[in-house]
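Novice: Build me a model:
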Amino acid sequence: MADTPGDALHLRRFRPEDAAWLIERHDTLYRRDEGFDASFGELVAKIINDFLAEHDATREAGWVAEENGQRLGSIFCVSAEKTTAKLRLFLLDPGARGKGLGKHMLRHCMAFARAAGYRDMVLWTHESHRAACALYAATGWQLIESRPVHSFGVDLVEQNWTITL
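Specialist: You can find the predicted model right below:
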């Protein structure tokens, strides 16, 4: 894609051969950084397998960020309702952070949702993802719900965010 933050960095469409990498990166990073148990990797695998089995290519897409052929992260736009898109599987390897790539990925995903006819987007995350939450707030997303939960083997504060496109 021509719309990239740097010459070596680019976004490309998610391909089936990316699935194992994406599941592994989510599982590894969230175990290491958040203390999550195996149920998180299982959830990511289910989301990816469902996407591969039944996504609507005109209204749903996933992208992988790469630099010189190395995968750095992912972001997905899926349908939540007829006019509401859901942001999913937004991940950026720690070494790739701080370069503006996350903002680029988020804006690209939101532009796709707008072009696909969605009026708004939602996402679900955890309060501990401070950098991602700061990015959401800086790009106009609104926090609409925050509540303590016990998920993936740890105590968390779950958050739901929304934005009008």
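Novice: In which helix or strand does the nearest residue to residue 142 once chain neighbours are set aside reside?
Specialist: Excluding the flanking residues, the one nearest residue 142 by Cβ to Cβ, 6 or more residues apart in numbering is residue 162, at 5.7 Å. All C-beta spots, glycine's among them, are computed from the backbone N, C-alpha and C. Assigned by DSSP states H and E, residue 162 falls within strand 154-164.
Novice: just the strands in the chain please.
Specialist: Taking DSSP state E as the test, the strands found in the chain are 9-13, 61-67, 70-79, 84-92, 120-126, 142-151, 154-164.
Novice: would JSON lines of those strands with distance to residue 48 be doable?
Specialist: What follows is those, written out as JSON lines (distance: least, Cβ to Cβ, whole Å):
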{"stretch": "strand 9-13", "distance to residue 48": "14"}
{"stretch": "strand 61-67", "distance to residue 48": "8"}
{"stretch": "strand 70-79", "distance to residue 48": "9"}
{"stretch": "strand 84-92", "distance to residue 48": "7"}
{"stretch": "strand 120-126", "distance to residue 48": "16"}
{"stretch": "strand 142-151", "distance to residue 48": "19"}
{"stretch": "strand 154-164", "distance to residue 48": "21"}
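Novice: Averaging pLDDT over each of these, report the lowest-scoring one.
Specialist: Looking over the strands of the chain, mean pLDDT reaches its minimum on strand 9-13, with a mean of 91.
Novice: Within its sheet, name the partner strands of that strand and how each one runs.
Specialist: Next to strand 9-13 in the sheet, as set by DSSP bridges, lie strand 61-67 (antiparallel).
Novice: give me every residue that touches the closest residue to residue 22 other than its chain neighbours.
Specialist: Spatial nearest neighbour of residue 22, excluding adjacent residues (Cβ to Cβ, 6+ apart): residue 74 at 5.5 Å. With contact set as Cβ atoms under 8 Å, 6 or more residues apart in numbering, residue 74 has these partners: 14, 18, 22, 62-65, 89-91.
Novice: Distance check, residue 74 against residue 153.
Specialist: Distance, residue 74 to residue 153, by Cβ to Cβ, to the nearest Å: 23 Å.
Novice: count of neighbours near the residue nearest to residue 124 when sequence neighbours are not counted?
Specialist: In space, and not counting its chain neighbours, residue 124 is closest to residue 160: 5.7 Å by Cβ to Cβ, 6+ apart. Using other Cβ atoms under 10 Å, residue 160 has 14 neighbouring residues.
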